[in-house]
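Chemist: 3D, please:
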Amino acid sequence: MSIEPASRLKPRHIALVASALWIASLALFWPGVAMYDTVAQYRQVLSGVYDDWHPPAMARIWALLATLGPGATPMLVLQLATYWLGLGLLAAALARAGRTRSAVVILVIGVLPPFLGWQGVVLKDAQLVGALLAAVGIVGWWRLANRPTPASAMIPVALLLVYAVLVRANAVFIVVPLSVMLSPRPARARAKLATACIAVIVILGVAPLVNHQVLRANHSGVEATQALYDLAGIAARAPDSTSTGLTPSESAAIVARHCAKPFFWDPLGDDEHCAPTMARLHTLPASSLYLTLASAALHHPVAYAAHRLAHLNSTDRWLVPFHWPGAAPPAASEPNTLGLDSPNPAAQRWETVTAAIVEMPLGWPIVWIVLAIVALAAALARPDDAPRRLAIALLVSALALEASFGVLSIASDLRYHLWPMIATAIAIVLLADHAPPRRVVIVGLAALLLVIVAGTAARMTLQAPPQSYAGMLN
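Modeler: Below is the predicted model of the structure:
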């Protein structure tokens, strides 16, 4: 069943609406919400001294734009401009094809509080979403008209994708699958998979060199956090083992102090909690830590799997209590002395609404994962056309990132899932002009119902978590 009406909007109408939404978003969130990470990066911009704990590419761009205005405002303008540019181009392309309602729904997706609310916060996740949407929008404008993307248009696309890769360490699991799926060559699925695997390995090796040699960022030790988190998680479940590299007394301390938390790695880096316990391991090279982790995982596969599954459940926000922290964007900026102010009360009211919505299934990443799988099954059963190809690229990139969280993830904030959620929503709209196979719909609805019922039951029965950062540390 199509969702399209008989009347038609013109691309220029969509362009006007998208521009108005950009201006309205700027007015709502001006001068931008600054989180702890934002403050830390702005301090680097002001000092001219950069490290790789936060993406130096973002800090360098910020430094270039700082001449246009103080504080977070230039970066807010950038991330909202790319956000609405991408959505506007996709909506305009659909309007050009006569899919009026689909065009409107694309813009509505951009206004959804969980998406727009996080886009008002100046941080790497919002920069990532903006860059990806702009790149997809430019490609989609041509592809949805069954036309190849001109070489001149591929230049900004390439720059946007390079920025996306550098602005988040795990963005490689988005950008590579997205790029490979959008590329006409190689054509076969196995060849695409092989190309993607090789590209991921190459980029993971090259990105640190760019950060340190080109962007001149100092080493912060951030590359060791994943290994430390997983070693602590294994040690908490196998405290008598020596394969984790931890001594019996260190493993006992991890258990006694509740250092290994499914929610995040932060207690392990906090001086008042577990940092002293991990200090010895922290002095080792990252390569040595990952070799130790591989050995520990092989010796204790059940403990490793239990640790990773517990974290995956936490970050996917499935079987968790109500008000699992890290879902809603902050309503005000982190206190600071750098001039990073909070937005007006209207933005704070918007974020209050967002905080309520993210408690619903719309704010559960696990629900979007199910939707992405169902949408991908529907896309694969659909005759080949431009919307199908673009939708598959979006869905593969969304699911590839979510799959990577099974192995590479140390925190449970909802913002890490923004791209999979938005990409899935756009893909569903692209596919909405064809009815999916009946069996796909039935199986998908059953899976979605199971996930929502189980998640709701967990929220009604599990004890409410602490609502402060310090409380979660303890």
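
Chemist: For residue 220, see how far away the residue nearest the centre of the chain is.
Modeler: Nearest to the centroid of the C-alpha atoms of the chain, with distances taken as C-alpha atoms, centre = their mean, sits residue 416, at 3.2 Å. Going from residue 416 to residue 220 by C-beta to C-beta, to the nearest Å gives 19 Å. C-beta here means a position set from N, CA and C on the backbone, and glycine is covered the same way.

Chemist: hmm, back to that, how about the residue nearest to the centre of the chain, what does it touch?
Modeler: The contact partners of residue 416, taken as C-beta atoms under 8 Å, 6 or more residues apart in numbering, are 125, 170, 315, 405, 409.

Chemist: Now for residue 462: which residues touch it?
Modeler: Counting by C-beta under 8 Å, 6+ apart, the residues that residue 462 touches are 319-321.

Chemist: For it, grab phi and psi.
Modeler: Backbone geometry at residue 462, expressed as degrees, to the nearest 10, gives phi -80, psi 150.

Chemist: Please parse this structure into its domains.
Modeler: 11-217+337-461, 222-297 (automatic domain parsing).

Chemist: To residue 305, which of those lies closest?
Modeler: Closest to residue 305 of the domains of the chain is domain 222-297 (C-beta to C-beta; 8.6 Å).

Chemist: Compute the first-to-last residue distance for the closest one.
Modeler: 21 Å (C-alpha to C-alpha, to the nearest Å).

Chemist: so how far is it from its chain's centroid?
Modeler: 25 Å (C-alpha atoms, centre = their mean, to the nearest Å).

Chemist: List the contacts of the lowest-mean-pLDDT helix or strand in the chain.
Modeler: Lowest by mean pLDDT, DSSP states H and E among the helices and strands of the chain is helix 469-473, with a mean of 88. For helix 469-473, the surrounding residues in contact (C-beta under 8 Å, 6+ apart) are 261, 263-264, 266-267, 270, 273, 325, 465-466.

Chemist: run the last query once more with 7 Å
Modeler: 263, 266-267, 270, 273, 325, 465-466 (C-beta atoms under 7 Å, 6 or more residues apart in numbering).

Chemist: pull the CA atoms of that helix into PDB?
Modeler: C-alpha atoms of helix 469-473 as PDB (Å, rounded to 0.1, in the frame of the first residue of the first chain):
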ATOM      1  CA  TYR A 469      26.500  10.100  37.500                       C
ATOM      2  CA  ALA A 470      28.000   9.600  40.900                       C
ATOM      3  CA  GLY A 471      25.200   7.200  41.800                       C
ATOM      4  CA  MET A 472      25.900   5.100  38.700                       C
ATOM      5  CA  LEU A 473      29.600   5.000  39.600                       C
END
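
Chemist: Can you list the buried residues in that helix?
Modeler: By neighbour count on 16 or more other C-beta atoms under 10 Å, the buried set for helix 469-473 is 472-473.

Chemist: With stretch 337-353 instead?
Modeler: Of the residues in stretch 337-353, those buried (16+ other C-beta under 10 Å) are 338, 340-343, 347, 350-351.

Chemist: pLDDT (mean, whole number) over it?
Modeler: Stretch 337-353 carries an average pLDDT of 93.

Chemist: Can you dump the C-alpha atoms of that stretch in CSV for me?
Modeler: Extracted in CSV, the C-alpha atoms of stretch 337-353 (Å, rounded to 0.1, in the frame of the first residue of the first chain):
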residue,chain,number,x,y,z
THR,A,337,34.0,29.1,33.0
LEU,A,338,34.6,29.1,29.2
GLY,A,339,31.5,31.0,28.2
LEU,A,340,29.5,28.0,27.0
ASP,A,341,26.0,29.1,27.9
SER,A,342,22.7,27.2,28.1
PRO,A,343,20.0,27.7,25.6
ASN,A,344,16.7,29.5,26.3
PRO,A,345,13.8,27.9,28.4
ALA,A,346,12.1,26.8,25.2
ALA,A,347,14.9,24.4,24.5
GLN,A,348,14.8,23.1,28.1
ARG,A,349,11.1,22.4,27.7
TRP,A,350,11.8,20.6,24.4
GLU,A,351,14.4,18.4,26.2
THR,A,352,11.8,17.7,29.0
VAL,A,353,9.5,16.3,26.3
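
Chemist: contact partners of it?
Modeler: Stretch 337-353 has contacts (C-beta under 7 Å, 6+ apart) with 28-31, 33-34, 38-39, 42-43, 46, 70-72, 113, 117, 120, 328-329, 331-333.

Chemist: Could you rerun that using 10 Å?
Modeler: Under the contact criterion C-beta atoms under 10 Å, 6 or more residues apart in numbering, stretch 337-353 has outside partners 25, 27-35, 38-39, 42-43, 45-46, 70-73, 76, 113-114, 116-118, 120-122, 328-335.

Chemist: repeat for stretch 303-310
Modeler: 229-239, 241, 244, 260-263, 293-294, 296-298, 300, 319, 405-409.

Chemist: Swap in 6 Å and give it another go.
Modeler: 233-234, 237-238, 262, 297 (C-beta atoms under 6 Å, 6 or more residues apart in numbering).

Chemist: Take those and keep only those in strands.
Modeler: When these are checked against strands (DSSP state E), there are no matches.

Chemist: And the buried ones among those residues, selectable in PyMOL?
Modeler: Buried subset of those, written as a PyMOL selection, criterion 16+ other C-beta under 10 Å:
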select buried, resi 233+234+237+238+262+297
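
Chemist: Where does confidence bottom out across the contacts of stretch 303-310?
Modeler: residue 238 (92).

Chemist: In contact with that residue, which residues are there?
Modeler: 300, 303.

Chemist: Phi, psi for it please.
Modeler: phi -140, psi 70.

Chemist: Kindly report the same for residue 239.
Modeler: According to degrees, to the nearest 10, residue 239 has phi -70, psi -20.

Chemist: Point me to the helix or strand that includes the residue lying closest to it once chain neighbours are set aside.
Modeler: Of all residues not flanking residue 239 in the chain, residue 251 sits nearest, at 4.1 Å (C-beta to C-beta, 6 or more residues apart in numbering). Using DSSP states H and E, residue 251 sits in helix 248-256.

Chemist: Do me a favour and average the pLDDT over the very next helix or strand once past that helix.
Modeler: Per DSSP H and E, the first helix or strand lying C-terminal to helix 248-256 is helix 275-282. On average, the pLDDT along helix 275-282 is 92.

Chemist: and helix 275-282 with helix 248-256, angle?
Modeler: 130 degrees (axes from the mean of the first three to the mean of the last three C-alpha atoms, to 10 degrees).

Chemist: Let me know the secondary structure of residue 315.
Modeler: helix (DSSP: H, G, I helix; E, B strand; the rest coil).

Chemist: show me the contacts for it.
Modeler: Counting by C-beta under 6 Å, 6+ apart, residue 315 makes contact with 405, 409, 412.

Chemist: Of these - the most surrounded one?
Modeler: For those, the largest number of neighbours (other C-beta atoms under 10 Å) sits with residue 412, at 26 neighbours.

Chemist: isn't that residue right up against residue 314?
Modeler: Yes: using C-beta atoms under 6 Å, residue 412 is in contact with residue 314, at 4.5 Å.
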